[in-house]
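Engineer: mind looking at a prediction? Sequence and model below.
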Amino acid sequence: GDTFSLSSSGGIGEGTVTWAVTTGNTFATVDANTGAVNITGVGAVTITATKNGDSNYENATATYSFTTVKAIPNVGTVSYNGGTIYPTTNVATVNDKLQSTGSTPGTLSLATGTGFTIGSKSYTWIFTPADSNNYHATTGTIQLTVVADSLLRIEVTTAPTKMTYVYGDAFDPAGMVVTA
C-alpha cells in the first residue's frame, strides 16, 4: 500500500517520541521509532504519538486520525492479442485474449451484453481486481475491429417443388432450401 511519514515538533524536554496504531491496526502499520506509516487495508485509523516524560515533564500524547479508501487499480494499457474478430465470435474468446500492462492483479473482460458489429468501434472493458477489498473495479474502452464472416460455400439442399417451366413462367422458389 501507500506509505508516508509522520513527524512531531515543538515541546520541550528530553523524552523520545514513539508511534503506535491505536485504532485500525489491520488498515495501517507505523514504525514505532520513525513514524513511517504503511497502508495495509481500507478503514479508519488512529495513530498516537507519545513523547516520553523526563525528570521535569510528564508524558505527552497527540493523535492523528484518517480513513483509508479503496485504491484505483493500475490497469495500464489494455490491448487485444487474439485473432480476427467476427460478428459471431464468442465474447469469452475475446476476453481470454485481453491484456493489460498494469501492475494490479485482476481480470479483464468486455462489458456484459457486448455484441460485435462489423467495423472499427470502441468496446467497454471492465477490470475486476483480484483484491476487491482494497481496489475499486474500473472500466475503460478498447478499439476493436470486427470483420464480416466469410461465406465458405452455398448449396441447394432441397430442390424447389416446381421443377418444370414454360417460356414466360416466373421462377417459384417454394420448397427450395439453400444452405450457406
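Structural biologist: The structure has been received and is ready for your questions.

Engineer: all the helices of the chain, residue numbers only.
Structural biologist: Per DSSP state H, the chain carries helices over the ranges 91-95.

Engineer: residue nearest the middle of it, spatially speaking?
Structural biologist: Centroid-nearest residue in the chain: Phe127, 2.0 Å away (criterion: C-alpha atoms, centre = their mean).

Engineer: beta partners for that residue?
Structural biologist: Legend: beta-bridge partners of Phe127 under DSSP bridges are Leu108, Thr138.

Engineer: contacting residues for it?
Structural biologist: 73, 75, 78, 100, 104, 106-108, 137-140 (C-beta atoms under 8 Å, 6 or more residues apart in numbering). In this view, the C-beta of every residue, glycine as well, is placed from N, C-alpha and C.

Engineer: what about it, distance to Gly119?
Structural biologist: 25 Å (C-beta to C-beta, to the nearest Å).

Engineer: can you check the pLDDT for Asp149?
Structural biologist: If you check Asp149, the pLDDT there is 87.

Engineer: per-residue confidence at Pro129?
Structural biologist: So Pro129 comes in at 97 (pLDDT).

Engineer: mind checking how far it is from Lys97?
Structural biologist: From Pro129 to Lys97 the distance is 20 Å (C-beta to C-beta).

Engineer: okay, these two: which has more neighbours?
Structural biologist: Higher neighbour count among Pro129 and Lys97: Pro129, with 21 against 13, using other C-beta atoms under 10 Å.

Engineer: so what touches stretch 59-75?
Structural biologist: Residues outside stretch 59-75 that contact it (C-beta under 8 Å, 6+ apart) are 1-2, 6, 8, 11, 15, 22-23, 27-28, 39, 41-53, 100, 102-104, 106, 108, 127, 129, 133-136, 138, 140.

Engineer: tell me if I'm right that Ser8 and Val17 touch.
Structural biologist: Yes: the pair Ser8 / Val17 is scored as a contact, 4.9 Å apart, by C-beta atoms under 8 Å.

Engineer: overlap of the contact sets of the two?
Structural biologist: Shared contacts of Ser8 and Val17, defined by C-beta under 8 Å, 6+ apart, are found at 35, 49, 51.

Engineer: now do the contacts for the closest residue to the first one other than its chain neighbours.
Structural biologist: Spelled out, it's Gly35. Counting by C-beta to C-beta, 6 or more residues apart in numbering, the nearest residue to Gly35 once its immediate chain neighbours are dropped is Leu6, at 3.9 Å. Taking C-beta under 8 Å, 6+ apart, we find Leu6 in contact with 19, 30, 35-37, 47, 49, 64.

Engineer: quick check: end-to-end length of stretch 93-106?
Structural biologist: End-to-end span of stretch 93-106 (C-alpha to C-alpha, to the nearest Å): 17 Å.
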